[in-house]
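>>> Okay, predicted coordinates and the sequence, questions at the end:
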Amino acid sequence: EVQLVESGGGLVQPGGSLRLSCAASGFTFDDYVIGWFRQAPGKEREGVSKTSSIDGSTAYADSVKGRFTISSDNAKNTVYLQMNSLKPDDTAVYYCALGKGFLDDFAPVYWGQGTQVTVSS
């Protein structure tokens with residue numbers, strides 16, 4: 001059974017930083033993409049960032065470019081999202097998701113339970 005477990009959320013002041021972790025387990029395929037999504041109250045879920053296990057390529061939503069960095073430790077099957085210069089608009093539940101294949105056609109199949117990020121003074 002594939003499991004994704006997020007951690008690292010919390011309350012932070014505007015301009016602050018957080019690092020989210022996504023620990024994946026229970027799968028055997030080598031070609032996969034792990035992505036971060038977020039959903040704020042009253043808004044649709046949106047993609048934030050993603051990374052490929054095949055070549056380490058990454059992609060970011062325009063709203064987080066230059067502030068967020070995705071990285072991975074393949075030995076630990078863990079993906080991180082370093083979030084800097086946080087804004088109140090970044091407040092949301094953050095989810096990680098996993099799917100087979102390539103970065104450009106990422107279709108998440110497995111989802112974590114989510115972790116709350118709140119940016120407020």
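Noted; the coordinates are in hand. Because the structure is predicted, anything quoted here is derived from the model rather than measured.

>>> For residue 46, give its distance to residue 39.
7 Å (C-beta to C-beta, to the nearest Å). To be clear about C-beta, it is placed using only N, CA and C from the backbone, and glycine gets the same treatment.

>>> Pull up the overlap in contacts between these two.
The contact sets of residue 46 and residue 39 do not overlap (C-beta atoms under 8 Å, 6 or more residues apart in numbering).

>>> what about the protein, any weak spots by pLDDT?
Counting by pLDDT under 70, the chain shows no low-confidence range.

>>> Centre-most residue in it?
Centroid check for the chain by C-alpha atoms, centre = their mean gives residue 36 as the closest residue, at 2.4 Å.

>>> Chain neighbours aside, what residue packs nearest to that one?
Nearest residue to residue 36, sequence neighbours excluded (C-beta to C-beta, 6 or more residues apart in numbering): residue 48, at 4.4 Å.

>>> That neighbour in helix, strand or coil?
Look at residue 48: counting by DSSP: H, G, I helix; E, B strand; the rest coil, its state is strand.

>>> Who are the contact partners of it?
Here residue 48 is in contact with 35, 36, 37, 38, 60, 61, 64, 68, 81, 94 (criterion: C-beta under 8 Å, 6+ apart).
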